[in-house]
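Visitor: Sequence first, predicted coordinates after that:
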Amino acid sequence: MPNRVAIVGIGQTRHRSTRRDVTLPEMINEAVREALADADLTIRDIEAVFTSSMETFEGIYLPDHGAAAEIGAFMKPGFKVCTGGTSGASVVVEGFCMVAAGLYDTALVIGFEKQDCGETTAAITAATTPVWGKGAVTGAIGEFAKQALSYMETSGAKEEHAARVRLKADRGACRNEYAHLKLGLQTIEEVLKSDYLVWPLRFLDFCPQSSGACALVFATENRARKIHRKPVWIADVEVVHQEPFRAGTFGDPTGKEAYSQHVACERLYKRNGITHPRRDIDMAEVYEPSNWEEMSLYEHLHFCGKNEGWKLVEKGITEMDGEFPVNPSGGVIATNPIGATPTIRVAEAALQIRGDAGEHQVAKDVKSALATALGGPNWTVLTLLKRTL
Amino acid sequence: MPERVAICAVAQTRYSPDRGDVSEGELAYEAIRQVLEETGLKLSEIESAVTCSQDFWDGRTISNMNIQPFVGAHLGHEDKVAEDGLSAVYCGMAHVLSGHHEIVLVVAHMKESQAEKSLIENCAFDPIFMRQLGLDFLGAAALQARRYMHQYGITAEQCARVVVKNRGNARHNPFAQEPLELTVEDVLASRMLAPPIRQLDTKPVSDGACALILAPKKRAAKLTRKPVWMLGASNCYEAHYLGDRDLAECRALTQAAKKAYRMAGIRHPFRDIDVAEISEEFSYQELLWLEGLGFCERGQGGSLIDSGKTCLGGKLPVNPSGGVLAGNPNQVAGMARVAEAVLQLRGEAGDRQVEGARVALAHGVTGICGQHQAVMILGKD
């Protein structure tokens, strides 16, 4: 029987586009200190440290080595994982495995990215094959413009629905002390006035480049209850990858639906007896680089039927005070330090379960929450959190 | 350890100076195909894959995306560990121990031939204070070699003896890239790269891949007649800034070894371990790492090589495969050490076989002057 694993400490930086005041290791250290303070532990209590980032985004090779002291890994075991956009969730999965395996009783799990010292779009372009891919890719924006277009064409969603998703995110971000973009948007028109990046994706439809870090303290069952009075349990994880050329794009104009989310959530739901996700789970923090992608994700994660994602938006179901809140933190569209982004989803979902999300705490009582990650050629990582197991 | 984890199959490509004829995925698949054939598994039966590569070296952001179709992660679990291959094996071990996965594929690939080593390594140094110094891992290793040799009176001849031994051992290893019959004089006459490190004190540019299949005890019997058991493993980070460390010491290695030994019940490494595969990118490192691993007292690495005990046929053969010096790529090196240790324990190491090997040690290292050290103990029983 594997060990049960709980999150007993949560820390984040105040995410910004540029953090010229700190080095990368110093920036990560801010999150580490917060997580340790939240757990009321010192670094001496931590047995191992696992990290994630995309090193080509900073242009720093082996960034975990350079930050060994500041992440608290000096003379401790650990390693870094790197899987693209999903990195910050992959490290949650691997940290979970390490503690569940009985190898460590406590571990720090850290996602980080300091995009102010690199050129992310150039690095993303370098993800494709050098022979026939590089000329055809323009970072993430082009991919999500295709997704937006195909979603608009197939589902019947209008630009107004996307704008409403942005307004929802911004309302959350404005209440979240850690969020990066807090725009104070009031009307749909403000979003629809913003310039196109790549048609039909507008400036306000897409996530920013942020610099920040997120650290979590994991502990085994016997330690967790002694460390924190409100441990949040990692009930299950699921990782689903698919090949680059099968998936191709997020929206898939070839007609073959991109389906890593379908497969991942079907497996996770089945194992955990979830038959009606919106009833059986209380809220979700999803990885939505754009507002259009958030509506797609509602469908892919089975929060609603096909082509109904925008209807959830219309009915306000995913609002902070709605029946099934999604991204009360403001989500990725407000805050995107890539290597940390999925870790933040898990952190924010855990805060909701604890009831510690402050001004962006959702109205309903959250006993279970789903955190998702999206990366690479539409890879999916899911983390299911619960107040009690 | 709570559950027993078996290594059910291992495979390596032949290490080569330039595999321009294949893509990274094709290279990895050369090793993957062999472990699948050996275990009778289909790619679709792999429950999770742990890969090991570096975006910087592949020149590809998300380097694991490259090899996705080749590791069986179609609609499955794959994660990439961005350290040396031994830490990827460690991660795979946790997958099995956690009870969340049973059949785990671990793969490392690297084509050094297509990258600029010095430029990449320079990017590992602190960008504000140290990068401008122009240091790479060779330059830093030269500082470490000097410090170690000065502190303990280790001689260039003793380091050269490591090269003679390992390159000589490589003659019996069909996967080795550059087996050579050398004398100490040959090594000392080779071109100086960064004093005191000469051309033959380090490894050649190398391309290759390595793959393993892991499974819990209950599944292992169906996959192999000769399971090799993971008895203990750990890794450890040292400080980053060279000035914060005494480079003649290797505390992180000692710490990692201590934990791995405790898990495996090893009390006297020299007596309890039959064969060791050590990651020595530079000749002095085999001596220094052997000290860190507790095979001899501090500063006695030189006398240990002089004694002949680490030769094939000695009391503790070290790197009967030829080690990293005979040509292993970065990242793959630590996993190749595990693969070689497994071959030894299965009695399948051919002419480099250590007779009666029952317990083996594999060691991997990542970063500047061995900043990140990893140790794994494997056993036949």
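Guide: That came through fine.
Visitor: the strands in chain B, which residues?
Guide: Secondary structure of chain B by DSSP state E: the strands cover B:5-12, B:48-52, B:77-81, B:104-111, B:192-194, B:197-198, B:207-216, B:228-237, B:275-277, B:359-366, B:372-379.
Visitor: Can you report how many residues neighbour the closest residue to residue B:309 other than its chain neighbours?
Guide: In space, and not counting its chain neighbours, residue B:309 is closest to residue B:315: 4.6 Å by C-beta to C-beta, 6 or more residues apart in numbering or on different chains. For glycine as for every other residue, the C-beta is placed from the backbone atoms N, C-alpha and C. For residue B:315, the count of nearby residues is 12 (other C-beta atoms under 10 Å in any protein chain shown).
Visitor: how close does residue B:315 sit to residue A:232?
Guide: Using C-beta to C-beta, to the nearest Å, residue B:315 is found at 52 Å from residue A:232.
Visitor: Ok, residue A:140 next?
Guide: From residue A:140 to residue A:232 the distance is 30 Å (C-beta to C-beta).
Visitor: how about the nearest residue to the residue in the stretch 251-381 of chain B positioned nearest to chain A, chain neighbours excluded?
Guide: As assessed by C-beta to the nearest C-beta, chain A sits closest to residue B:367 within the stretch 251-381 of chain B, at 4.5 Å. In this structure, residue B:367 finds its nearest non-sequential neighbour in residue A:65, 4.5 Å apart by C-beta to C-beta, 6+ apart.
Visitor: Who are the contact partners of the one you found?
Guide: Residues in contact with residue A:65 (C-beta atoms under 8 Å, 6 or more residues apart in numbering or on different chains) are B:124, B:237, B:240, B:366-368, B:371-372.
Visitor: hmm, 6 Å instead?
Guide: B:240, B:367, B:371 (C-beta atoms under 6 Å, 6 or more residues apart in numbering or on different chains).
Visitor: For it, give me phi and psi.
Guide: phi -70, psi -50 (degrees, to the nearest 10).
Visitor: Output the lowest mean pLDDT helix or strand found in the chain.
Guide: By default, I'm working from chain A. helix A:244-247 (a mean of 54; mean pLDDT, DSSP states H and E).
Visitor: sorry, should have said chain B
Guide: helix B:63-67 (a mean of 88).
Visitor: residues near residue B:259, how many?
Guide: Residue B:259: 18 neighbours (other C-beta under 10 Å).
Visitor: Show the pLDDT at it.
Guide: Residue B:259 carries a pLDDT value of 98.
Visitor: Which positions within stretch A:10-20 qualify as buried?
Guide: Buried residues in stretch A:10-20, defined by neighbour count with 16 or more other C-beta atoms under 10 Å in any protein chain shown: A:10-13, A:15-16, A:19.
Visitor: swap in stretch A:199-214?
Guide: A:200-202, A:204-214.
Visitor: Now for the residue lying closest to residue A:30 once chain neighbours are set aside: which residues touch it?
Guide: Spatial nearest neighbour of residue A:30, chain neighbours left out: residue A:13 (4.7 Å); criterion: C-beta to C-beta, 6+ apart. By C-beta under 6 Å, 6+ apart, the contact list for residue A:13 reads A:27, A:30-31, A:212-213.
Visitor: Is residue A:118 in contact with residue A:57, as I believe?
Guide: Yes. Residue A:118 is within contact range of residue A:57, at 4.7 Å (criterion: C-beta atoms under 6 Å).
Visitor: Can you tell me the SS state at residue A:304?
Guide: coil (DSSP: H, G, I helix; E, B strand; the rest coil).
Visitor: Equivalent analysis for the one 10 residues further on, please.
Guide: Under three-state DSSP, residue A:314 falls in the helix class.
Visitor: What separation is there between it and residue A:186?
Guide: Residue A:314 is 19 Å from residue A:186, by C-beta to C-beta.
Visitor: With neighbour numbers in mind, choose between those two.
Guide: Using other C-beta under 10 Å as the criterion, residue A:314 and residue A:186 rank with residue A:314 on top: 14 against 10.
Visitor: which residues touch the more buried one?
Guide: Per C-beta under 6 Å, 6+ apart, neighbours of residue A:314: none.
Visitor: Also residue B:49?
Guide: Per C-beta under 6 Å, 6+ apart, neighbours of residue B:49: B:71, B:73, B:78, B:105.
Visitor: what are the phi and psi values for residue A:5?
Guide: According to degrees, to the nearest 10, residue A:5 has phi -120, psi 130.
Visitor: Look at it and say how many residues are nearby.
Guide: The number of residues near residue A:5, taken as other C-beta under 10 Å, comes to 27.
Visitor: ok, now which ones touch it?
Guide: Here residue A:5 is in contact with A:96, A:99-100, A:218, A:234 (criterion: C-beta under 6 Å, 6+ apart).
Visitor: Residue B:170 now?
Guide: B:176, B:179, B:322, B:326.
Visitor: Most neighbours among the residues you listed, please name it.
Guide: residue B:322 (29 neighbours).
Visitor: What distance do you get for the spatially closest residue to it that is not a sequence neighbour to chain A?
Guide: Excluding the flanking residues, the one nearest residue B:322 by C-beta to C-beta, 6+ apart is residue B:170, at 2.7 Å. Distance, residue B:170 to chain A, using C-beta to the nearest C-beta, to the nearest Å: 28 Å.
Visitor: re the thing from before, tell me which of residue A:118 and residue A:57 has more neighbours.
Guide: residue A:57 (25 against 19).
Visitor: tell me the mean pLDDT for the helix or strand hosting residue A:192?
Guide: Taking DSSP states H and E as the criterion, residue A:192 maps to helix A:188-193. Mean per-residue pLDDT for helix A:188-193: 98.
Visitor: Nearest residue to the residue of the stretch 51-200 of chain A found nearest chain B in space, ignoring adjacent ones along the chain?
Guide: Taking C-beta to the nearest C-beta as the measure, the point where the stretch 51-200 of chain A comes nearest chain B is residue A:101, at 3.4 Å. Distance criterion C-beta to C-beta, 6+ apart; nearest residue to residue A:101, sequence neighbours excluded, is residue B:97 at 3.4 Å.
Visitor: Surely the one you found touches residue B:6?
Guide: No. Residue B:97 is not in contact with residue B:6 according to C-beta under 6 Å; the separation is 11.8 Å.
Visitor: Neighbour count for these two, which is higher?
Guide: residue B:97 (25 against 22).
Visitor: quick one: the strands in the stretch 201-350 of chain A?
Guide: A:201-202, A:211-220, A:232-240, A:283-285 (DSSP state E, counting those that start in this stretch).
Visitor: likewise the stretch 51-200 of chain A?
Guide: Counting by DSSP E, counting those that start in this stretch, the strands of the stretch 51-200 of chain A are A:78-81, A:106-114, A:196-198.
Visitor: and the stretch 1-150 of chain B, which residues reach chain A?
Guide: B:2, B:55-56, B:61-62, B:65, B:68-69, B:73-75, B:77-83, B:87, B:94-95, B:97-99, B:120, B:123-124, B:126 (C-beta under 6 Å from any C-beta of the partner chain).
Visitor: could you show me where the helices are in chain B, in order?
Guide: B:24-39, B:55-58, B:63-67, B:85-97, B:117-122, B:137-152, B:156-169, B:184-189, B:217-223, B:251-264, B:269-272, B:283-292, B:301-307, B:332-346 (DSSP state H).
Visitor: before we move on, what about the stretch 151-300 of chain A?
Guide: A:159-175, A:188-193, A:221-227, A:244-247, A:260-271, A:277-280, A:291-300 (DSSP state H, counting those that start in this stretch).
Visitor: Between those helices, which one is closest to residue B:361.
Guide: helix A:221-227 (30.7 Å; C-beta to C-beta).
Visitor: That's all I had, so thanks and see you.
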